[in-house]
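> how does the following fold in three dimensions:
(one chain, ligands or ions: 1)
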Amino acid sequence: MAGRIDVFWHEGMLKHDTGTGAFDTGIDPGFLDVLEKHPENADRVRNMLSILRRAPISAYVSFHSGRPALISELLTFHSQEYINELVEADRKGGKVVCPGTFLNPGSWEAALLAAGTALSAMKHILDGNGKVSYALVRPPGHHAQPTQADGYCFLNNAGVAVQLALSSGCQKAVVIDIDVHYGNGTAEGFYGSSKVLTISLHMNHGSWGPSHPQNGTVDELGEGEGFGYNLNIPLPNGTGDRGYEYAMTELVVPAVERFGPDMIVLVIGQDSSAFDPNGRQCLTMEGYRKISRIIHGLAKKHSGGRVLIVQEGGYQVTYSAYCLHATLEGFLDLPKALLDDPIAYYLEDEAFTVKVVESIKQYHQEKIPFLK
Ligand SMILES: [Zn+2]
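Predicted coordinates:
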């Protein structure tokens, strides 16, 4: 029997207007006749919403309304000082919080809705009303650290949802982040915790400035009690469907099996696709579908089938929506794909990725107590 996916959404998240400029700078140096919208714009999410409403997956989707988060809920992940800074910036009419990250009028309301909608989606699962919930949210959250914004993110939507799970009786949660960028904010928030295993598969982009001091390298393993509970899987540029599948089966599956979570959070970004302006990886719809099938398999074995899916990046306005469709299909146990890929054409040579994955596996087995 095919499953159902509960989608949580709120129109107010469209009010976060990131403006136009030369790509994500917000600046117009005057050289171009056609300025594009900031990549993290409302259109990308409008298409994700419409594909879920009108494409074949619509038959398996139920829509629910999200809600704004309370400040007290944000404080389960973020510091009071940081939240005060954002509230103050909003009161004064907005500011550029860090490069590419614009808090404009309407942005704070949208950020509160994004965090609250992720909380609603998690609560739906915790209350036993569904197994697989998807929080369709923006602004994204996985770069937002306890004390600072980064990379288009203000509030860590997945992070507050994980805290809700833990305070509601879950013992161990795993966060698997397949956005093309390092989920540094989520990692930072749980860096000292052995109750939350954070795993991030990303391109090897390194630190990108003061707002993102983490490197995303394999040696960032967590600290104190949390040592060994942050697994970074930096994949070579150009990694595609087979390379990702290899990394999932060789690194992610064994770690999750050993850890034994009772809640799984899948953090998704379609910026790992072959057509994204912000990423250099080559996933197609088939790759996304495979990854989520693997995660659904883990969920059925460990978390009673419970998975919260949280939306992050994904900036190509057509393909991001199609890859979202494929990702959610992976949770439905259907015999074949519901929707064909209209544009995938890249060839893949996964030989280098396989070598990198093998060396990461060896490193994990040497350094990480629970994987020895
Ligand atoms: Zn990203």
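> hang on, residue 198 packs against residue 233?
No - at 11.1 Å, residue 198 and residue 233 do not qualify as touching, with contact defined as C-beta atoms under 8 Å. Any C-beta I mention is one placed from the backbone N, CA and C, and that applies to glycine too.
> please name the residues that touch the residue of the stretch 151-300 of the chain found nearest the ion.
Going by C-beta to the ion, the ion is nearest to residue 181 of the stretch 151-300 of the chain, at 3.7 Å. When contacts are counted by C-beta atoms under 8 Å, 6 or more residues apart in numbering, residue 181 is found next to 142-143, 151, 202-203, 205, 269, 271, 278-279, 313.
> please redo it, this time with the cut-off set to 6 Å
Contact criterion C-beta atoms under 6 Å, 6 or more residues apart in numbering gives residue 202 as the residues in contact with residue 181.
> that one falls within a helix, correct?
No - judged by DSSP: H, G, I helix; E, B strand; the rest coil, residue 181 forms no part of a helix; its state is coil.
> how near is it to residue 220?
If you measure residue 181 against residue 220 using C-beta to C-beta, to the nearest Å, the figure is 14 Å.
> find the residue closest to residue 68 in space, skipping its chain neighbours.
What sits nearest to residue 68 in space, not counting adjacent residues and going by C-beta to C-beta, 6 or more residues apart in numbering, is residue 112, at 4.0 Å.
> okay, now that neighbour: neighbour count?
Counted by other C-beta atoms under 10 Å, the residues lying close to residue 112 total 24.
> doesn't it fall inside a helix?
Yes - assessed by three-state DSSP, residue 112 belongs to a helix.
> quick revisit: neighbour count for residue 198 and residue 233, which is higher?
When residue 198 and residue 233 are compared for neighbours, residue 198 comes out ahead with 30 against 27, by other C-beta under 10 Å.
> tell me the pLDDT of that one.
Confidence per residue is given as pLDDT, and for residue 198 that number is 98.
> what do you get for residue 345?
pLDDT, the model's per-residue confidence, is 84 for residue 345.
> and stretch 71-89, how far from the chain's centre?
Centroid separation between stretch 71-89 and its chain, computed with C-alpha atoms, centre = their mean, to the nearest Å, is 21 Å.
> for the stretch 201-350 of the chain, which residues are neighbours of the ion?
Selection of the stretch 201-350 of the chain residues close to the ion by C-beta under 5 Å from the ion yields 269, 271, 313.
> just the buried ones among those, please.
With neighbours counted using 16 or more other C-beta atoms under 10 Å, these contain these buried positions: 269, 271, 313.
> how about the CA coordinates for stretch 59-79, as PDB?
Listed in PDB are the C-alpha atoms of stretch 59-79, where the atom choice follows Å, rounded to 0.1, in the frame of the first residue of the first chain:
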ATOM      1  CA  ALA A  59      -2.800  12.100  -5.000                       C
ATOM      2  CA  TYR A  60      -0.600  11.100  -2.100                       C
ATOM      3  CA  VAL A  61      -0.200  14.500  -0.400                       C
ATOM      4  CA  SER A  62      -2.300  16.100   2.300                       C
ATOM      5  CA  PHE A  63      -1.800  19.800   2.900                       C
ATOM      6  CA  HIS A  64      -1.700  21.400   6.400                       C
ATOM      7  CA  SER A  65      -1.200  24.900   7.600                       C
ATOM      8  CA  GLY A  66       2.000  26.000   9.400                       C
ATOM      9  CA  ARG A  67       2.200  28.700  12.000                       C
ATOM     10  CA  PRO A  68       4.700  31.200  13.400                       C
ATOM     11  CA  ALA A  69       7.200  29.900  16.000                       C
ATOM     12  CA  LEU A  70       7.200  31.400  19.500                       C
ATOM     13  CA  ILE A  71      10.300  33.100  20.700                       C
ATOM     14  CA  SER A  72      10.600  30.500  23.500                       C
ATOM     15  CA  GLU A  73      10.700  27.800  20.800                       C
ATOM     16  CA  LEU A  74      13.500  29.500  19.000                       C
ATOM     17  CA  LEU A  75      15.500  29.600  22.300                       C
ATOM     18  CA  THR A  76      15.700  25.800  22.300                       C
ATOM     19  CA  PHE A  77      18.300  26.200  19.600                       C
ATOM     20  CA  HIS A  78      19.400  29.900  19.400                       C
ATOM     21  CA  SER A  79      20.800  32.300  22.000                       C
END
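> which parts of that stretch are buried?
Going by neighbour count (16+ other C-beta under 10 Å), the buried part of stretch 59-79 is 60-61, 64, 66-69, 73-74, 76-78.
> export those as CSV, with columns for distance to residue 256, secondary structure and pLDDT.
Formatted as CSV, the entries for the buried residues of stretch 59-79 read as follows, by distance: C-beta to C-beta, whole Å; DSSP: H, G, I helix; E, B strand; the rest coil; pLDDT from 0 to 100:
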residue, distance to residue 256, secondary structure, pLDDT
60, 25, helix, 98
61, 26, strand, 98
64, 27, strand, 98
66, 28, coil, 98
67, 30, coil, 98
68, 32, coil, 98
69, 28, coil, 98
73, 27, helix, 98
74, 28, helix, 98
76, 24, coil, 98
77, 22, coil, 99
78, 27, coil, 98
